[in-house]
Every structure is written in C-alpha cells, then in structure tokens.
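Student: only geometry, no sequence info:
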C-alpha cells in the first residue's frame, strides 16, 4: 500500500509498540506532525526540545522500552543535543527523529539547516540522514534495533522534508544485518572455569554492580550469585536498585560519595567482580592505587569497556544475566565471615557519623528531607533526581529496593534532567508514584516543563531542595578553592508563586517538623504538587573522595555533634582525612 | 608500538568521518589511514596504522567494531602480511646527475616518472621501511615535495579470509587480558 514518508514514520512507531512520543513541531517536520493525527500515538508537547529528549530518556529508564523524541531541523535538532549526550553516556535506548531541510537544498545553509548527523555523531550509538524515501523504513527499523540491542544507546534518524512528503509502496525490511552481525560471542568454557577458580580462591571478594544489572534484567541472578558466594555487593550510582538496599550483603553506593566502609572494602578486596559497570573515574578515584591487591573479573556486554580503565585478570563478554546464570552452577557455596565482620566494623563507624542522627535544631538539612520522603513513601516511589548535592543525598538517604526506581543522569551529569525525565517516567509507568528531587539550580534549567506537566495533567510530586547555592560547585569551592564562592550564590524565584502561575499546588517548608506532614499531605491529594524545601545553605556531601585522589583517601563525614559545632569545625578546615 | 588493522566498511558517504571521529574522540593516534574499494561492491577497505603506546590495539579494534557501518576489523600486526606503500618524491636533480639518481633508485626498484630541468619525480612502491630508506638516501640531494599513500596490507595465503581469526573468536580474544 502506498504511504507517504510521514506515514511510514508513524507506521514504524506503531509497529514498534510506541504509545507515547515527546516533541516539538517546526517547519521541516510538519508533514510528520500532520500525519500524527491519524495514528494512535500520544504526542507530548514539551516547552523546549531538551525536555523532549530527557522525557524520552526518562520513559526508557522507567520502562526498559525504547523512548522516542521528535524535533524539527536546525535549532529544534540542536536543542536535543544535551539530551542525546545524556542518553549516550548512560546507555539509554532512545530513538530521535528530526526533520531536515529538503534534500535538494542540503548543504546550502538553507533556513533552519543544521548538520545534526555531523553534530551528533560522537554522542549517538548510530545516526543516519535519510534523503531517499526507499531508505526510510529500513533506517527506522534499524534505529530501534540498534538502540535496544547489545549495550543500548541513542540513535538519531534525520529525515529530509521531501522524503516525508514522497510516497512509496511500504514493505518492511527483513531482519537488519547490522544487529545480526553484532551477535555476542559464545562464552568459553575455559573462561567460566577460570572465573569459578578465582571466585573459589577469594577470601575478600566484593561485587561491583552497575547499570548493566538493570539493563540486563539481572537483579535476581545477581542476588542468587551474591548469596551463593556470600559476596557483598557495592553499587554504582546507576546500579542503585539493582540489588535491594536492605539486603544484608548490600553495601550501598561506591565511589566519590560512597560511604567510607564501601570504598575501604573495595581497596582491601582480593577479588573484584565487576558486573555491568565501566570503572568510571567517579567510581575508581586514582587508577594507580585502585584495589591494587585484587584480582579482577569484568563481566560486560561492551567489549571495548574491558581493560579500558582498569586492567583485568578475566573479561567475560556477554549479557550479564546470561553470564551469571551460566556461572552459577559451577561455583561453590561460600560465606566470608571474617571479611564481613571487618566490613561491619567500618559500617558501624559510618553509622555513628550518620547525618540522620543529627539534631535538626532550627535548621533543615537536605539529607533529612530526602530521608523523610523515603520514610513517608516507604521507599516505594520512582525518584527522578537532578544533578548535584541533592542527587548524592538521594543516593545515600533514599534506599532503593527495586530496579528502575531511581532515574538520574550519571555519566553526563546533566542539570535540568529531573523534571522532564519524570514526565517521561510517569507516561511509562502511570501507576507509579513519581517524585522529582531537584536542586534550585538544576530545576531552573528546565522549569518551563511545568507547563507540559500541567497540560498533560500528570500526577508528579516535586521536591525542590533549595540551598541558595549551586551546592556541589560551592562544596568544591569550599574544599579546594579556599571558599572563594565565584558565581555559585543563586537567586531563585518564589517557587510557590511560580507553581501558582501554572496552577500547580505548592508548599514551602523550612522546618524539619513540617517535612513529613507536608509530604503526607501532597501524597494524599491526587494530582501534581510542588514542595519548596528551604535547607541549610552551606551543607556538604560527605564522605568525599577528591577528584583524582586514591579511593580510600576520602574526606570523612565528621562525627555527629550539634550542628553549630559540626559546622564550625568544618569551617576551621578540620575535615578529617582518613588514612 | 605500531599496530596495523584492516577493516571492511560500508561504502557510504560519511563513513570515513565516522571512523575518524571515533579516533579523535577517543584520542587514539593514527599514523596512517588508507581507504579504497575492496573486492566486493558496496564494501570499502581501510588499513590503519595506529600508535598503541598509550592504548591497547584491542580497545581500538573493539571501538571500531562498535561502529555500525564497520563490517569487520582484524589486527594483522602479528600475522604474515604483504604490506605496501606508494610514494612520489620530487627531488633536485641537475641534468648531469640523472643517471646517478637512476642508479641509486634502481636498487630500490623505484623509477623516474617525470623529468624537469632541475628536478625529477621518483615513484617507489614497497613496505614503509623500504620507502623510508630511499627517502633518507634522497634527502641530501634536496627533496622538494613528497607524497606518501600510507600503508595498505593483506594477509598472505590462499584465501582472502584465511589466516584471519573468525570475527567472534577475535572478539573473544580480549578475554585473556591478564594485567
């Protein structure tokens, strides 16, 4: 049957099971928007294309399905760029469809022409410019396959306007060659045997579990493996939720803002089992002195990650769930009591410093706000955090039990991610309780999407953690730049009034006693709400491994004492550096 | 250390940019790159010489293989190969010196392909070391201009693909990355 290029786009999306897309129309994509009306796909009109990209990303993170974002040529496409890079760094499957100027004027600097394929080449898993109608259906089918296969990632399809208007007899292409070619290698029996030997010989093993656990759906396999081998599990930021935080073998987050006992355990380990993670610099600290006494087994779907940052003794290329299931029968049951006891000592010391024990006094602390939201939501919410101090407090004080309950920009660290990503997440999982946790800085980067949220009548709760600073940058200035607060003090609007302008119910909270009642109140009311938490201005996230320092050389959280004193001691630069 | 990689890629606009973009983005060092048609229509052949002092050739290979238009990649550094480079060298040569120059370059099986009053163009084909050798000998006479194609390589033996590990085996190789 004859179809226009524009119709083929929607035919393909429907065939892929896409129910929601996020986008913004414009001249070069008008034919596609015109055809939209005839198809059963819900289009969410964002207020800025970056919001469309993050929303499609949030949709993918929350559901595991491929997200879709649309934009027009030129500025529409370039506005997507930050969102594309965000998806790329975190391996999120998103298909971006952009309109392009007609093929006959390509390269002439036509109105709203930008070489978006050239621009996004380094930040997409693949991208393609479609200049002929016969190439359109294969390009779209391949885009979805590439986005979700292997290590997932964003794919951009740039469609010339004349291609959208042309007609052709639509025939779906056969299975696409490029993904068949990229079939994963067979696991070698000798490698599995070697892995089993290394695991059997270890006395102080630690599992490092990353985003791959979630992408591969390996949470049950990981739990089975950890329990059988008695191995404690440390998680990367994007791995949080991949192993239940309440599990006795769960250590929590590792790395720059991981708790001291977690990083110490990694440094003292004799075997690291890296599962679906990529030894990011925020996780390893100084590579020279990273877990130098440990043998390392790296299970990873992307062969180019094996040996990239950290040399390993054994690399297993494959889908994590499949590798763990293949490995499980050949490993012995073990327990590591002395090792766990040693870790528990450290955990005990960390507990004694925990900020949850701090008296609030007149102050409101960001960590307390997060912890109280966790308490009130009973840990059952999907939390979409932005980037900065609140993101780290969230990781530390909102323990996640299940995969896809924390959505956050880890690799690129994109401020402004949370609100639009939460919009996408809510579409992916309408029954979930979705919370945005954002700082006053990041929230203002994409706050225009409040209008999108209202237009779509989404039940999303927003917590703005306002400390009047670009808090994480301020913290670095405090620690490493002699407290010279260049360009970090931040004036914000009255967020309650701002919400009011959108017709969004909002509350201001500046005392600890009001946190739980207000959170309970907004939860009891259907529909969206915003809570503006005004917190302590100069609070730091502890512990902290300074960038480039050894993983064990962290600035510890001071022992708990009354807040004035704790603050005064920090001001004098008495932050304790662990040996 | 220098490694020689050969890749089959889709013969399509933008593939070279995509490949070189990856090298630039990853800060991999390319000594030379040649591109041309292969025996199969629609498939181009690339030969890379990469400096692997900073990064292992396996990582370079794995990153190349991740690019969608790349069909396969092989590191042929440690395999028996025929490798060739072509150079054109414009060298100073007064009329009376031509036979002298001719004698010299004939040892390298090079030849003079163009003559002007005080220069000649020498064409040489060979492995890059041989080309280097001739360049050094000609340098004292005064090299006015030079162009080198960069290396192309092919494994020895009967079949085009024989001697090369199957792609999946090559993929599996990085499994033994003992530190």
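Tutor: Cool, the structure landed. All figures in this text were calculated on a predicted structure; none of them were measured in a lab.

Student: which regions of the chain sit below the pLDDT cut-off?
Tutor: Reading this off chain A. Applying pLDDT under 70 to chain A flags the ranges A:175-181, A:560-579.

Student: ah, no, chain B please
Tutor: When residues are selected by pLDDT under 70, those of chain B lie in B:159-179.

Student: That one - how does it break down into domains?
Tutor: Following automatic domain parsing, chain B resolves into domains at B:2-79+B:157-175, B:82-152.

Student: Give me the number of neighbouring residues for residue 146.
Tutor: You didn't pick a chain, so chain A it is. 25 (other C-beta atoms under 10 Å in any protein chain shown). Bear in mind the C-beta positions are built from the backbone N, C-alpha and C, glycine included.

Student: Correction: the question concerned chain B.
Tutor: Close neighbours of residue B:146, defined as other C-beta under 10 Å, add up to 16.

Student: for residue B:35, same thing?
Tutor: By other C-beta under 10 Å, the residues close to residue B:35 number 17.

Student: can you tell me the helix or strand for it?
Tutor: Counting by DSSP states H and E, the element that carries residue B:35 is strand B:29-37.

Student: how far off strand B:29-37 does the next helix or strand after that strand point, in degrees?
Tutor: Scanning forward in sequence from strand B:29-37 by DSSP H and E, the next helix or strand is strand B:43-51. Strand B:43-51 runs at 160 degrees relative to strand B:29-37, counting by axes from the mean of the first three to the mean of the last three C-alpha atoms, to 10 degrees.

Student: strands paired with strand B:43-51, and their directions?
Tutor: Paired neighbours of strand B:43-51 in the sheet (DSSP bridges): strand B:2-10 (antiparallel), strand B:29-37 (antiparallel).

Student: starting at the chain centroid, how far to the last one?
Tutor: From the chain centre to the centre of strand B:29-37 is a distance of 6 Å (C-alpha atoms, centre = their mean, to the nearest Å).

Student: Pull out the buried residues from it.
Tutor: Across strand B:29-37, burial judged by 16 or more other C-beta atoms under 10 Å in any protein chain shown covers B:30, B:32-35.

Student: start to end distance for stretch A:110-129?
Tutor: Stretch A:110-129 has an end-to-end distance of 16 Å (criterion: C-alpha to C-alpha, to the nearest Å).

Student: Can you mark which positions in it are buried?
Tutor: Here stretch A:110-129 shows A:112-114, A:116-117, A:119-121, A:123-129 as buried, counting by 16+ other C-beta under 10 Å.

Student: Just the ones of these in helices?
Tutor: A:116-117, A:119-120 (DSSP state H).

Student: which residue is nearest the centroid of the chain?
Tutor: In the absence of a named chain, this looks at chain A. Centre of chain A computed as the mean C-alpha position; nearest residue by C-alpha atoms, centre = their mean is residue A:408, 3.2 Å away.

Student: you looked at the wrong chain, it should be chain B
Tutor: residue B:151 (1.6 Å).

Student: ok now do the closest residue to residue A:244 other than its chain neighbours, which residues does it touch?
Tutor: Take residue A:244 and drop its neighbours on the chain: the residue closest to it by C-beta to C-beta, 6 or more residues apart in numbering or on different chains is residue A:401, 4.6 Å away. By C-beta atoms under 8 Å, 6 or more residues apart in numbering or on different chains, the contact list for residue A:401 reads A:241, A:244-246, A:379.

Student: again with residue A:298
Tutor: By C-beta under 8 Å, 6+ apart, the contact set of residue A:298 is A:274, A:305-307, A:310, A:312, A:314-316.

Student: thinking again about what came up before, now for the buried residues of stretch A:110-129, which pair is the farthest apart?
Tutor: Distances among these were taken as C-beta to C-beta; the most separated pair is A:112 and A:125, at 25.6 Å.

Student: Residue B:147 contacts residue B:90, doesn't it?
Tutor: No: using C-beta atoms under 8 Å, residue B:147 is not in contact with residue B:90; the gap is 9.1 Å.

Student: and these two? which has more neighbours close in?
Tutor: Set residue B:147 next to residue B:90 and count neighbours by other C-beta under 10 Å: residue B:90 wins out with 18 against 9.

Student: Which of the three states applies to the more buried one?
Tutor: Here residue B:90 is recorded as strand under DSSP: H, G, I helix; E, B strand; the rest coil.

Student: that older thread, and chain B, which of the contacts of residue A:298 reach it?
Tutor: Taking C-beta under 8 Å from any C-beta of the partner chain as the test, chain B is in contact with A:306-307, A:312, A:314-316 out of the contacts of residue A:298.

Student: Of the residues you listed, which belong to helices?
Tutor: The members of those all map outside helices under DSSP H.

Student: Spell out which two among those are the most distant pair, please.
Tutor: A:307 and A:316 (12.5 Å).

Student: and residue A:435, bridged to which residues?
Tutor: residue A:383, residue A:461.

Student: can I assume it is in contact with residue A:383?
Tutor: Yes: between residue A:435 and residue A:383 there is a contact under C-beta under 8 Å: 5.0 Å.

Student: which residues do the two both contact?
Tutor: residue A:373.

Student: How about residue B:134, nearest residue that isn't a chain neighbour?
Tutor: What sits nearest to residue B:134 in space, not counting adjacent residues and going by C-beta to C-beta, 6+ apart, is residue B:108, at 4.7 Å.

Student: Name the SS class of that neighbour, please.
Tutor: At residue B:108 the chain is in coil, as set by three-state DSSP.

Student: For it, give me its contacts.
Tutor: B:124, B:126, B:130, B:133-134.

Student: would JSON lines of these with distance to residue A:327 and secondary structure be doable?
Tutor: Below are the contacts of residue B:108 laid out as JSON lines (distance: C-beta to C-beta, whole Å; DSSP: H, G, I helix; E, B strand; the rest coil):
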{"residue": "B:124", "distance to residue A:327": "55", "secondary structure": "strand"}
{"residue": "B:126", "distance to residue A:327": "51", "secondary structure": "strand"}
{"residue": "B:130", "distance to residue A:327": "51", "secondary structure": "helix"}
{"residue": "B:133", "distance to residue A:327": "54", "secondary structure": "helix"}
{"residue": "B:134", "distance to residue A:327": "56", "secondary structure": "helix"}
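
Student: That concludes my questions; thank you for your assistance.
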